[in-house]
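**Q** Sequence isn't available, so here's the structure alone:
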């Protein structure tokens, strides 16, 4: 894998100077065009062995391009805001908007590599990460990002020589630390881990470019030219989409599907409703305050449903049981300008709750396979690949302790009409009905099919769909609340068998041991969650 | 001050129910109109003594309005990302966008009150904070925000009674902690501190509303009605601007001003230029790596100047001395949608660097008193008040350890023309010249006056302007770099007299003791900076 990077490439000063003059003008030109068009972001990963010239090369790239539209992302210890969220959150938040070039000095690869070498994670977990990264990069590529991954290589002798020469020069000596020399001892392990990693993540959509790091001029020039070539190709419109397009959705044989199978006649009458609602609210209030939840988990609730199906009312009954300081409702409407400059899922990632917190999405990332599909707001290829991307997204959250509960609220076409008319009559409900609602209603059947496909493809073990028979509002509200409680209890009890007896009653049995007003500091990086599964 | 809130107001259940029915419909209506218009944000501060029903009232507000467009902001221990930035940063980042209502449970007032009671800050510092908050709230009001500040009061006996009754109810018992009882002991001190604070921050633009907290129904209803009334008034267009409008800019008597006084003939020829540039870059590199800088400071560089004055070139020479991972260049163009929904300075606050980091603004917050003034993009009242707001902003940064260096790069009208023409000739510089540049040129004199006024009004001790004679690029670049170095040294040496001898040479005398690749964890809240001056 690294043989071609130990050949001893050298570029003389004169050639370098000539080449750079041209390269610089071309890079500036390409960068300018990128900014003008502004329709894709560029992600450059600079990785490899210590002393192979990573920071020198980044410096040269800055020198050759307009540094105002470059940014270097670096990742050291996660901040506490990062360490209480899924592994990939900090990388999502560091993604470039369209039109920008971000250089990643260190990336999602760094920690798993370091932890694999130190033995903190095993090969199986390492391979899971690899798979995750491949999917992540495929998503980036499919969203239009240009992803360039460079691996700087040095032979063992070459590394020793580089470190020595850096140490000699007073201007660079500070960059060589005890750690650098220590890492030389694990040279063999790094090569082993890296060659496996490079092989496994050498995808068509984001291939690795291995660069010999011995000669400064050769190394920088190689990277600069590669960047230029890739930029020019993309600007010229050469873009391939790299994902297996899903087979077309099958046609229905009969009228039975997950929605028509629902028994919409289910009702709960008033006295019973009030009792069950209060009981469920009590349970939820207690579960959300429990240390078992607050320490290792957060909760993401996804609400989808037809217009007027009662999402708002259900959410209202649910949050009535919570401390307003613990949750956030995210009403999902059209994306903002900053959100449109990022991959589709970015605007949901930014709301992922910290430990102990709850985010309630009123409409969700499923917009892509519902409204965007039905209305044609995105291409078929885009919504077809969304199913897998969403499953990956939810899997990542769930693996990190985010408990996901997803609801589809279903009403009949007649009931919707009744509610629309009712809304038009009541003063403070008028605002809930718009022309768009009437237009959506005309596409009832298309939405029906989209929902069936969605449930079919995204109801996973980690994040199953719960279909709510919402014809009767009371029934819907109780079922939503009880489902959330059941799911929370299920997860928490599985982890804390001792908890089993204490919860589930109507009354708060014991006051929670902590005070919500001054939430205690939650666990930090290293300690948090299932340590063995984390690369904090 | 609190007498009117100890009268024993009580509302019976029936009256409450009737009132709430109407109130709820009206609040929903008003909230809907707010969202539709979307032209101002609402900030509701809920403060006061423990047990006076703060969270109950917030709960009621959620119950009466659409919770999807409400959000509760709460502030406990600052995260590490917060504690390494100025005091107000976390409140800026929590501000609502236009069209939204955010409830602040705890606010900028909470920590200073607590620390004044505990004696950690003295009266003078407390009063400085008060002054700062008044200016901050005036800015919010002037930016259009509706700011409502509620203070919930209880008599000493009343508080004791409330805590007991909360403790008795198993549903609320968890909310009463040891701390609650301990705070009862400092009741007298709280009253003293609070009555001073309320008096001093009872401004026309953001007055306090003191509410008796004894009776749940009375308290919630009062707040609900006040919110409704204020909302309705603002929606009906009643908005007063509260700031002393600055006197009109004086006319000039002769042609001498800070710009015409500059000697634009100053030059540095090549060999000398290269030497001085390299020397300054060496100094900067060293200073930016020094532990004295990284521990307590960050650096904000502001670049303004005419088109083609050479800002980009100066920035390029400057960052050549820095590790790309340490700085961020922020090119300031038109604000994004999310930025337009916030007060003017919000988009600069979001880029304020953490400890040890550097942000370089290519064009800045001075846009308001330059381009926005000249082009008429904002009202005269808006740019007139901007001078004071900007001074406050820079003062806050500077007081917290952010070192601010501001540059105006000045060239002659003839030199600009020469550079414009040159840019049109050179391939990779073509993108630097646009029609807008030519249009701006026609307003040369208006800009000239705006710059003089700006320097006049915003060159402060904490953040002085440095005017750069930029007719000769070499001279400009060297002066920019040397100014940054001088300023950094001045600040660091004043704090670390021992440092005086070690720095300032052309060569890096000693390798820095830490490795940039794994920056050490910087100081946390309590320890950081001038402890006595902080309310972390």
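**A** Looks like it came in fine. These numbers were taken from a predicted model, which means no experiment stands behind them.
**Q** The helix or strand encompassing residue A:312 near chain B anywhere?
**A** Per DSSP states H and E: residue A:312 is located in helix A:311-319. Yes. Helix A:311-319 is in contact with chain B by CB under 8 Å from any CB of the partner chain, via A:312, A:315, A:316, A:319. For every residue, glycine as well, the C-beta is placed using N, CA and C.
**Q** and the two most separated of these?
**A** Greatest spacing in the residues of helix A:311-319 next to chain B, by CB to CB: A:312 and A:319 (10.7 Å).
**Q** out of those two, which sits in the busier spot?
**A** Under the neighbour definition other CB atoms under 10 Å in any protein chain shown, residue A:312 and residue A:319 were set side by side, and residue A:319 has more, 25 against 18.
**Q** quick one: the more buried one from residue A:303, how far?
**A** With distances taken as CB to CB, to the nearest Å, residue A:319 is found 12 Å from residue A:303.
**Q** what's the overlap in contacts for those two?
**A** Counting by CB atoms under 8 Å, 6 or more residues apart in numbering or on different chains, the shared contacts of residue A:319 and residue A:303 are residue A:360.
**Q** And stretch A:334-341, what's buried?
**A** Within stretch A:334-341, the residues that count as buried by 16 or more other CB atoms under 10 Å in any protein chain shown are A:339, A:341.
**Q** One more: stretch A:20-40?
**A** A:20, A:23-24, A:26-32, A:34-35, A:40.
**Q** Would you mind listing what in the stretch 51-200 of chain A touches chain B?
**A** Proximity of the stretch 51-200 of chain A to chain B, by CB under 8 Å from any CB, involves residues A:55, A:58-59, A:62-63, A:66-72, A:74, A:76-77, A:79-81, A:103, A:105, A:170-171, A:173-175, A:177, A:179.
**Q** Residue A:313 reaches residue A:477, doesn't it?
**A** Yes. Counting by CB atoms under 8 Å, residue A:313 does reach residue A:477; the two are 6.5 Å apart.
**Q** Neighbour count for those two, which is higher?
**A** Comparing residue A:313 with residue A:477 by neighbour count (other CB under 10 Å), the higher total belongs to residue A:477, at 24 against 17.
**Q** Tell me which residues touch the more buried one, please.
**A** Neighbouring residues of residue A:477 by CB under 8 Å, 6+ apart: A:273, A:277, A:310, A:313, A:314, A:317.
**Q** Swap in 10 Å and give it another go.
**A** Residues near residue A:477 by CB atoms under 10 Å, 6 or more residues apart in numbering or on different chains: A:268, A:273, A:276-277, A:280, A:310, A:313-318, A:468, A:470.
**Q** Kindly write the ChimeraX command that selects the buried subset of those residues.
**A** Entered in ChimeraX, the line below selects the buried ones among the contacts of residue A:477, by 16+ other CB under 10 Å:
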select /A:268,273,276,277,280,310,313,314,315,316,317,318,468,470
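**Q** possible to save the contacts of residue A:477 as CSV with pLDDT?
**A** Formatted as CSV, those follow (pLDDT from 0 to 100):
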residue, pLDDT
A:268, 97
A:273, 96
A:276, 96
A:277, 96
A:280, 96
A:310, 95
A:313, 94
A:314, 97
A:315, 96
A:316, 94
A:317, 95
A:318, 96
A:468, 98
A:470, 97
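**Q** And the contacts of residue A:477, which is closest to chain B?
**A** Closest to chain B out of the contacts of residue A:477 is residue A:316 (6.0 Å), distances taken as CB to the nearest CB.
**Q** which residues touch the closest residue to that closest one other than its chain neighbours?
**A** With sequence-adjacent residues excluded and distances taken as CB to CB, 6 or more residues apart in numbering or on different chains, residue A:316 is closest to residue B:67, at 6.0 Å. Residues in contact with residue B:67 (CB under 10 Å, 6+ apart) are A:312, A:315-316, A:318-320, A:324, A:327, A:329, A:331, A:360, A:362, B:61.
**Q** from the middle of its chain, how far away would the helix or strand residue A:230 falls within be?
**A** Here residue A:230 sits within helix A:216-235, counting by DSSP H and E. Its chain's C-alpha centre and that of helix A:216-235 lie 29 Å apart, by CA atoms, centre = their mean, to the nearest Å.
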